[in-house]
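[1] predicted model and sequence follow; I will ask about them next.
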Amino acid sequence: MKILIIGAGMYVSGRNGTGNGTILSALAQTSKHLPIEEVCITSPSAGNAIVVSEASARINKLLGTELMVRFEVLESSIPNLASYDLAIVCVPDHLHHQYGKMVLESAVHCLMVKPLTPTLREAMDLEAIRQQKQVYAAVEFHKRFDEGNLLAKRMIQEERLGQISYIAVDYSQRITIPTEIFRQWAEKSNIFQYLGIHYVDQVYFLTGYWPKRVSAIGTKNTLKSMGIEGFDSVHVMSEWVNPKTGQELVAVFNTNWIDPRTSTSMSDQKYRIVGSKGRLDLDQKNRGVEFSSHHEGVLSINPYFSEYMPDADNQHYDFGGYGHKSIVQFVQDVAALKAGRVSANALAGLRPTFKDCLPATALVEAANLSLSKNGNWHQIGGNF
Ligand SMILES: NC(=O)c1ccc[n+]([C@@H]2O[C@H](COP(=O)([O-])OP(=O)(O)OC[C@H]3O[C@@H](n4cnc5c(N)ncnc54)[C@H](O)[C@@H]3O)[C@@H](O)[C@H]2O)c1
């Protein structure tokens, strides 16, 4: 298996001491069970060569693997793109369409980090190319692999919550995200588009409802005072409809990226589902692991996202968690596709395929339009 990664940032390689990087760690872990000939990471900055070689050496040592990773400076085109078995696109949100298109037009299977694209038009364009080229494409919506969310899905399917009235989401991150970590592209995105979309997709994944209309407002204060143009917080009210029964539910999202840098975790995330038979509360930050130290302060640790754990022989670490599962699932699916054991069409509806991610894309685009018009309701007329 030959794998291309476009982008060499935090999520790929854990640049600037932000950790070990989920994507490269997940691929190295996968190489313990599935032959991966090589991984090529490409990004425009030549300086990333050292970041990539240090990250791969660190990860291989931790996991006891020998994953071959090389770096290439990204020019206007990618040499031999069609020779890769799959590509993972991990660049800032506004570039997803440009690089997704490049990958799909070369008939290469594509995993895109979220959000698929900021607009429905771009997402539909990618889906059309995917169909034309007969390849498989999915979005790395790892929350679909979180056991807490899978339990919620099962409970909804078993009708233990009854008819759902509303879902309320609170999701925020430390102020270091827009001011330091993603400073270069924070003004081109916003907290709801870049992060809130995870739970927009969850509403669709859990219920199968389609978004119908949306109103969004935001606040501008803290970031503006620091010279950053953009919303501190985005608040979204949305109505969804069951395409089979016509029943409706409301989903409310409160998102911000101005939490104090002293917050006990990078992401604070909780949601509640209220139905006619009961309610389900999911605290996805406080997973029961709290660490206090003289040097690091107090940390709420989520060991279930993507973490290194001692392996069964205590010789090396294994990389696991729902972040890892989402990436390894894609690699395994591509291996199954190449072996003819499954078809891209058979995966539709079972995975976060591009087509399956159109409802979340439509809602985020409509929320952005509403945000620019003081919260005016925006209708989403899609038949997904
Ligand atoms: N960090 C996370 O936990 C996380 C998780 C899931 C998804 N994502 C998504 O991944 C994407 C990137 O996130 P990140 O954390 O790696 O960001 P990052 O800012 O650390 O890295 C972005 C990468 O894109 C490259 N890049 C910038 N401009 C480019 C251009 N014009 N052409 C090609 N490459 C370019 C940069 O060189 C860098 O390697 C975003 O869409 C984000 O929403 C991030």
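    Thanks, I have the structure now. For clarity, every value in this text was computed on a predicted model and none was experimentally measured.
[2] show me the contacts for the residue nearest to V241 when sequence neighbours are not counted.
    Spatially, and ignoring its direct neighbours in sequence, V241 is nearest to K212 (4.8 Å; CB to CB, 6 or more residues apart in numbering). Placement of C-beta: from N, CA and C, glycine included. Neighbour list for K212: S238, E239, W240, V241, E248, Q379, I380 [criterion: CB atoms under 8 Å, 6 or more residues apart in numbering].
[3] so which of those residues are in strands?
    Counting by DSSP state E, these place S238, E239, W240, V241, E248, Q379 in strands.
[4] now, the most widely separated pair of those residues?
    Spatially, the most separated pair among the ones in strands among the contacts of K212 is E248 and Q379, at 13.9 Å (CB to CB).
[5] comparing those two, which residue is more hemmed in?
    E248 (14 against 11; other CB atoms under 10 Å).
[6] okay, that one: pLDDT?
    E248 is assigned 98 on the pLDDT scale.
[7] please look at it and R213 and confirm they touch.
    No. With contact defined as CB atoms under 8 Å, E248 does not count as touching R213 (10.2 Å).
[8] could you name every residue contacting both of those two?
    Here E248 and R213 have E239 as joint contacts, going by CB under 8 Å, 6+ apart.
[9] if we can go back for a sec, next secondary structure after the one helix or strand the residue nearest to V241 maps to?
    Per DSSP states H and E, K212 falls inside strand 210-219. Beyond strand 210-219 on the C-terminal side, the first helix or strand identified by DSSP H and E is helix 222-225.
[10] interface residues of the stretch 151-300 of the chain facing the ligand?
    Contacts of the stretch 151-300 of the chain with the ligand, taken as CB under 6 Å from any ligand atom, map to F182, Y194.
[11] SS state for the residue in the stretch 201-350 of the chain that the ligand sits nearest to?
    Residue of the stretch 201-350 of the chain nearest the ligand, by CB to the nearest ligand atom: G323 (7.8 Å). Secondary structure assignment for G323 (DSSP: H, G, I helix; E, B strand; the rest coil): helix.
[12] I figured it hits Q29, correct?
    No. When contacts are counted by CB under 8 Å, G323 is not listed as touching Q29 (10.8 Å).
[13] where does pLDDT dip in this structure?
    Scanning the chain for pLDDT under 70 picks out the ranges 16-18.
[14] how about V200: what's its closest non-neighbour residue?
    Ranked by CB to CB, 6+ apart and with sequence neighbours excluded, the top spatial neighbour of V200 is A360, at 4.4 Å.
[15] that neighbour - that's part of a helix, no?
    Yes. Counting by three-state DSSP, A360 falls inside a helix.
[16] flag every residue of the stretch 1-150 of the chain that's near the ligand.
    So the stretch 1-150 of the chain meets the ligand at 7-12, 15, 43-45, 48, 74, 90-93, 95, 113-114 (CB under 6 Å from any ligand atom).
[17] out of these, list just those in strands.
    Those of those lying in strands (DSSP E): S43.
[18] now the residues of the stretch 1-150 of the chain next to the ligand: which count as buried?
    7-12, 15, 43, 48, 74, 90-93, 113-114 (16 or more other CB atoms under 10 Å).
[19] related to what we said a few turns ago, any idea how far the residue of the stretch 201-350 of the chain closest to the ligand is from C110?
    Shown here: G323 relative to C110, a distance of 18 Å by CB to CB, to the nearest Å.
[20] what does the host helix or strand of D125 rub up against?
    D125 is located in helix 120-133, with elements delineated by DSSP H and E. For helix 120-133, the surrounding residues in contact (CB under 8 Å, 6+ apart) are 96-97, 100-101, 104-105, 107, 110, 116-117, 136-137, 344, 354-355, 357-358, 361-362, 365, 382.
[21] which among those residues end up buried?
    Buried residues within the contacts of helix 120-133, defined by neighbour count using 16+ other CB under 10 Å: 96-97, 100-101, 104, 110, 116-117, 136-137, 344, 354-355, 357-358, 361-362, 365, 382.
[22] residue boundaries of the strands in the stretch 151-300 of the chain?
    Remark: strands assigned in the stretch 151-300 of the chain by DSSP state E, counting those that start in this stretch are 164-174, 210-219, 233-241, 248-259, 267-275, 279-283, 290-293, 297-300.
[23] residues near the closest residue to E37 other than its chain neighbours, how many?
    Of all residues not flanking E37 in the chain, K2 sits nearest, at 5.3 Å (CB to CB, 6+ apart). Close neighbours of K2, defined as other CB under 10 Å, add up to 16.
[24] N190 touches S233, doesn't it?
    No. If you go by CB under 8 Å, N190 and S233 don't touch, sitting 9.6 Å apart.
[25] just the closest residue of this structure to the ligand, please.
    Closest contact between the chain and the ligand, by CB to the nearest ligand atom, is at G9 (1.8 Å).
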